[in-house]
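*Asks:* structure here, sequence nowhere to be found:
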């Protein structure tokens, strides 16, 4: 097997220590050694990295590539950024375990990606991934919400003692089958119907099995402090390592909470709570338009939601509650932009704000949102411009904040991408290196690389990734610090970044100077 020498570059080893000029010798799937510059090595393929930084492959700690990994195994959008490993199964959603209680919702999602679902549990899903081949590594989590749906479908009720025992069993079985952690999505049904004691039961399994539990917390706006405190309480009661997903202050009326938010986490960490976070470098989030609905209206799955939205009596109540939560005077609906739809009847809404559609239809914004959801069968994705730059910079600077896209892997061909997805799918990691390192100087190169490599690796318990060191897996990215930047925008999101010179996955060159090799050297970790 040919050895490869990455020569002349500055090594950011992933730990946060200062850059140093070293040559990196790769032997098959592992890093063999770090050598002083110009050390004579025979029988190697040498790649000149002069003027570039050699770093561990980036680990995208929070993604939603559970199904896109099967539809687009080349993972162009991630490889182009230097991502060599993705963590899937976030926000309480994973495509397993699969049973009658949740099958309809999972099959509906799979149909969007044109995927045949022929797995039932973590083990068979892992086999499906492996047989499909992967350009990058994948590490699946199991979703608490999906497991809850197996037990009680999408009902808003507490689980019985027997059902809680079943939830624990499903968690154990998923971990036995190869899930490497647990996630919870506490604003999405059915996770939003769980109480803290239920989550404690699941977190106890995480602690016992020494895996982490990631939380999309119950609220990132008006309930922000209480929602963060709930996660910390769960960790204190169980000893589980916890992660707060896409940490943010959501909405102008909540931006001032940044001080108390960071103080709560700092106190917990000083008390010994192992809590980390992740964040993408954008001021807009991306989730279903159905997030604007009151929780009670989301019970029972898509069919039940649509029945309520079409009901004259219930839709009126829903509209009243939406209007109370999101009053027009805050320009809330100007900040909500339709990203993708599945029905041609509402195709003209993509790229437009709900407020703009409301004006054209002569409806209130709440009425326009409900109309879109009904006509699109509750399948609409939206982008929410609800955050500010100062708070983003402060969150990115925290030592415990990893960089993560919160996005699925996609092809780099606009013809193959539906709607206008969030540009974070194509630009997250180069954006941090270009905007927040080179331009804004929020972070040093060493800090940023640590947040993309060893920090997520350590939180996941990955012992052989996230560092440039002998015997570590040869997941490597080489980038030009003076030119690396994102090119994806909200209007034109499908665009490759600049400045990524080389990407290696398990010792195989997967992308060089922006050209993909078509290699499938990724693994299910």
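*Replies:* Noted; the coordinates are in hand. Because the structure is a prediction, the values reported are computed rather than measured.
*Asks:* got any ranges where the stretch 1-150 of the chain has weak pLDDT?
*Replies:* Across the stretch 1-150 of the chain, the stretches falling below the confidence threshold (pLDDT under 70) are 1.
*Asks:* do the stretch 401-525 of the chain as well
*Replies:* Across the stretch 401-525 of the chain, nothing is flagged by pLDDT under 70.
*Asks:* ok, which stretches of it are helices?
*Replies:* Ranges of helices in the stretch 401-525 of the chain, per DSSP state H, counting those that start in this stretch, are 424-431, 445-452, 454-460.
*Asks:* can you give me the offset of the last one from its chain's centre?
*Replies:* Helix 454-460 has its average C-alpha position 15 Å from the chain's average C-alpha position, going by C-alpha atoms, centre = their mean, to the nearest Å.
*Asks:* so which elements touch that helix?
*Replies:* Helices and strands touching helix 454-460, by 3 or more C-beta pairs under 8 Å, 6 or more residues apart in numbering; DSSP states H and E, are strand 58-60, strand 275-279, strand 401-403. Just so you know, the C-beta spots here come from the backbone N, C-alpha and C atoms, and that holds for glycine as well.
*Asks:* repeat for the second one
*Replies:* Packing contacts for helix 445-452, counted by 3+ C-beta pairs under 8 Å, 6+ apart, involve strand 53-56, strand 401-403.
*Asks:* of all the helices of the stretch 401-525 of the chain, which gets the most neighbours per residue?
*Replies:* When the helices of the stretch 401-525 of the chain are scored by mean count of other C-beta atoms under 10 Å, the highest mean neighbour count falls to helix 424-431 (a mean of 28).
*Asks:* now the angle from that one to strand 275-279?
*Replies:* 110 degrees (axes from the mean of the first three to the mean of the last three C-alpha atoms, to 10 degrees).
*Asks:* which residues are contacting helix 424-431?
*Replies:* By C-beta atoms under 8 Å, 6 or more residues apart in numbering, the surrounding residues in contact with helix 424-431 are 58, 60, 77, 80-83, 280-282, 286, 403-410, 412, 452, 479, 484-488, 493-500.
*Asks:* and for residue 442, nearest residue in space, chain neighbours not counted?
*Replies:* Nearest residue to residue 442 in three dimensions, chain neighbours excluded: residue 436, at 4.4 Å (C-beta to C-beta, 6 or more residues apart in numbering).
*Asks:* should've said residue 356
*Replies:* Nearest residue to residue 356 in three dimensions, chain neighbours excluded: residue 334, at 7.9 Å (C-beta to C-beta, 6+ apart).
*Asks:* what's near enough to touch that neighbour?
*Replies:* With contacts defined as C-beta under 8 Å, 6+ apart, the neighbours of residue 334 are 353, 355, 356.
*Asks:* list the buried ones in stretch 480-490?
*Replies:* Residues 480, 481, 483, 484, 485, 486, 487, 488, 490 are the ones in stretch 480-490 that count as buried (16 or more other C-beta atoms under 10 Å).
*Asks:* ok, stretch 133-142 next?
*Replies:* In stretch 133-142, the ones that count as buried by 16+ other C-beta under 10 Å are 134, 135, 136, 137, 138, 139, 140, 141, 142.
*Asks:* looking at these, spot the one nearest residue 45.
*Replies:* The shortest separation between residue 45 and any of those is 20.4 Å, and it belongs to residue 135 (by C-beta to C-beta).
*Asks:* where does the closest one sit: helix, strand or coil?
*Replies:* The three-state assignment at residue 135 reads coil, by DSSP: H, G, I helix; E, B strand; the rest coil.
*Asks:* does the residue nearest to residue 442 touch residue 393 like I think?
*Replies:* Yes - using C-beta atoms under 8 Å, residue 436 and residue 393 qualify as a contacting pair, with a distance of 7.1 Å.
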